[in-house]
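Engineer: Here you go, sequence then predicted model.
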Amino acid sequence: MTTNATATPAAHQASAGANLSSLDVVIVGAGLSGIAAAHYLRERCPGTRFAMLEARQSLGGTWDLFRYPGVRSDSDMFTLGFSFRPWTSDQAIADGGKILDYLKETVHAEGLADRIRYGHKVIEARWDSSVARWTLDVEHTDADGHRETRSITCRFLFMCSGYYAYDAGHAPTWPGMTSFNGTVVHPQHWPAALDYRDKLVVVIGSGATAVTLLPSMAATAAHVTMLQRSPSYILSMPQRDGMAERLRSWLPAGAAHRIVRMKNVLITLGFYNAARRWPHAVRRLLIKRAARQVQGHADVERDLTPRYNPWDQRLCLAPNGDIFKAMRSGRADIVTDEIAAFTPTGLALKSGKTLEADIVVTATGLRVQLMGGARLLVDGKPVALADTVAYKGMMYSDVPNLASIFGYTNASWTLKAELIAQYVCRLINHMNAHDADTCVPHLRDGEQGELPAIGLTSGYIQRAAGVLPKQGRRKPWVFYQSYLRDLRLMRWSRVDDGVMRFERRATRQCDVSSHRESAPHLATMRSE
């Protein structure tokens, strides 16, 4: 897939035009989530004044940031792509460049380019109940690197900035790193000029990034070793969806896309539910499939048998079994061990073995960061998300007029992102229709958050336990990992459900003195 849409931040900024000082809705982030939010706001809340604040100088989020070899989707593109813009490539598991082109094309086709303000990072957001408004302190960095702080106000704050820090990933240190004569690289900041041809490469890690890097680098490196403390489940799947190709030859693109999208939703959800209900059977199946594909080029018990059950952590996808092909070729292998220290020429392992290396890639994971790192205050009181309970997986107890997108951990991120964006539109329209300026989810007597919102044992989730919200034991406080349950809950359930409180908090005096600047009703804030 190629694109004719050119992402030129300067041109977008110049054409933006609209006053940023006071808006109905501010969307933070211009990646998958932010684009979905902007599409539905424009479509379902016509006239709403909104802007997308993007901290970086380009759109695309994850798919613009990550440039390491082989970067690709970890979900099929018929569900990772938008429902309103069919994915037309023949790749079901797509490389990062094609995904970025798709996002640029979508922004161009949807007419959203002039809504994006690049180089705008939200540092702090303060809610004032007396005027029912968020005030954002925004650090603006222009293309030349000049910085200034701006103030923006809005009625509703929609956080679409993802769940991890863009400035740096999780980067542990080991003894002797400064003595290593080679190159150490973190995938989150891949050097464009790094030449690994005919080099010895060690990739530290066993997650999706490491599983992607090994076959990609093995094509030209002298040898690639994936060094892991413990194995992950690796599931081979076809890179192309045969059913999608057949349906597109028979049906209009939109109809084919909807059928394939729902087919993939049902298969993914069915597999996940089977893994949770019959973990030992699914575990045996996954290990047996991996053993059959590796064909004796790894110790299955040691290198391919995880210590946990399927979906206690995310599964790693291997399009067309590429990682197993690389291992069978002799250009790559897996070593299960721990690092004792770096040496000038490689790594010394706790088993006493050594690994020679010219390049070490630390695929050691992400650093979780919610709200894009912005500080939140409600009426002067700092908000600690760890002390809140997630409402429908999108809002937080006693935090008014704020929603955030956190996608599924067992399926495509975009499936949940679109449901949340659609629900926020329902919420705003309900407020407009009932003369409310404030919506805030509130725990009823006897309700509390007892469970972690994300039930994975992955390292990056466990490291973030102190910043993630909680979830309750019954809806709407349950953080479901089920598209079908969320579809029913968020598309057809009542907005005024007895948990969400709708109020008119702004003073009438503000309305009289400055209707345009202080009117609390979202419906009064229309485009001129």
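Structural biologist: Cool, got the structure.
Engineer: buried residues in stretch 358-377?
Structural biologist: 358-372, 374, 376 (16 or more other CB atoms under 10 Å). All C-beta atoms are positioned from the backbone trio N, CA, C, and that covers glycine.
Engineer: Equivalent analysis for stretch 249-259, please.
Structural biologist: 256-258.
Engineer: before we move on, the earlier item: mind listing which of the buried residues of stretch 358-377 are in strands?
Structural biologist: Using DSSP state E, 359-362, 376 are the members of those that sit in strands.
Engineer: Which member of those is positioned nearest Leu59?
Structural biologist: Leu376 (24.5 Å; CB to CB).
Engineer: Ignoring the adjacent residues along the chain, who's closest to the closest one?
Structural biologist: Val383 (4.0 Å; CB to CB, 6 or more residues apart in numbering).
Engineer: Neighbours of the residue nearest to Ala255 when sequence neighbours are not counted, how many?
Structural biologist: Among residues not flanking Ala255 along the chain, Leu247 sits closest, at 7.9 Å (CB to CB, 6+ apart). Counted with other CB atoms under 10 Å, the neighbours of Leu247 add up to 19.
Engineer: Same check on Ser161?
Structural biologist: Neighbour tally, Ser161, other CB under 10 Å: 29.
Engineer: Name the SS class of it, please.
Structural biologist: Three-state assignment for Ser161 (DSSP: H, G, I helix; E, B strand; the rest coil): coil.
Engineer: can you pull the contacts of it?
Structural biologist: Shown in contact with Ser161 (CB atoms under 8 Å, 6 or more residues apart in numbering): 28-29, 31, 33-34, 55, 371-372.
Engineer: Filter those residues down to the ones in strands?
Structural biologist: Val28.
Engineer: Can I get the contacts of Ser161 in a markdown table including pLDDT?
Structural biologist: Formatted as a markdown table, the contacts of Ser161 follow (pLDDT from 0 to 100):
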| residue | pLDDT |
| --- | --- |
| Val28 | 97 |
| Gly29 | 96 |
| Gly31 | 96 |
| Ser33 | 97 |
| Gly34 | 97 |
| Ala55 | 95 |
| Met371 | 90 |
| Gly372 | 90 |
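Engineer: Name the nearest of the contacts of Ser161 relative to Thr336.
Structural biologist: Once CB to CB is applied, the member of these that ends up nearest Thr336 is Gly31, at 34.4 Å.
Engineer: how much space is there between the closest one and Phe324?
Structural biologist: 31 Å (CB to CB, to the nearest Å).
Engineer: For the closest residue to His297 other than its chain neighbours, give me phi and psi.
Structural biologist: Once flanking residues are discounted, His297 sits nearest to Met327: 4.5 Å by CB to CB, 6+ apart. Dihedral pair for Met327: phi -70, psi -40, per degrees, to the nearest 10.
Engineer: which residues of the protein score low on pLDDT?
Structural biologist: Within the chain, the stretches with pLDDT under 70 are 1-19, 455-457, 460-461, 464, 507-528.
Engineer: now with 80?
Structural biologist: Scanning the chain for pLDDT under 80 picks out the ranges 1-21, 90, 446-450, 452-466, 506-528.
Engineer: Quick test: name the residue nearest the centre of it.
Structural biologist: Gly162 (4.5 Å; CA atoms, centre = their mean).
Engineer: I figured it was touching Val28, is that so?
Structural biologist: No. Assessed by CB atoms under 8 Å, Gly162 is found out of contact with Val28, at 9.9 Å.
Engineer: quick revisit: present the buried residues of stretch 249-259 as a markdown table; the columns should include secondary structure and distance to Arg117.
Structural biologist: Putting these into a markdown table (DSSP: H, G, I helix; E, B strand; the rest coil; distance: CB to CB, whole Å) gives the following:
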| residue | secondary structure | distance to Arg117 |
| --- | --- | --- |
| Ala256 | helix | 36 |
| His257 | helix | 31 |
| Arg258 | helix | 33 |
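Engineer: could you measure the residue nearest to Ile116 when sequence neighbours are not counted against Ala417, distance?
Structural biologist: Nearest residue to Ile116, sequence neighbours excluded (CB to CB, 6+ apart): Met52, at 4.6 Å. The gap separating Met52 from Ala417 is 14 Å, by CB to CB.
Engineer: and stretch 276-288, how far out from the chain's middle?
Structural biologist: Centroid separation for stretch 276-288 versus its chain: 27 Å, with CA atoms, centre = their mean, to the nearest Å.
Engineer: residues contacting Thr212?
Structural biologist: Taking CB under 8 Å, 6+ apart as the test, what Thr212 contacts is 68-72.
Engineer: rerun that using 6 Å as the cut-off
Structural biologist: Contacts here follow CB atoms under 6 Å, 6 or more residues apart in numbering; on that basis Thr212 touches Gly70.
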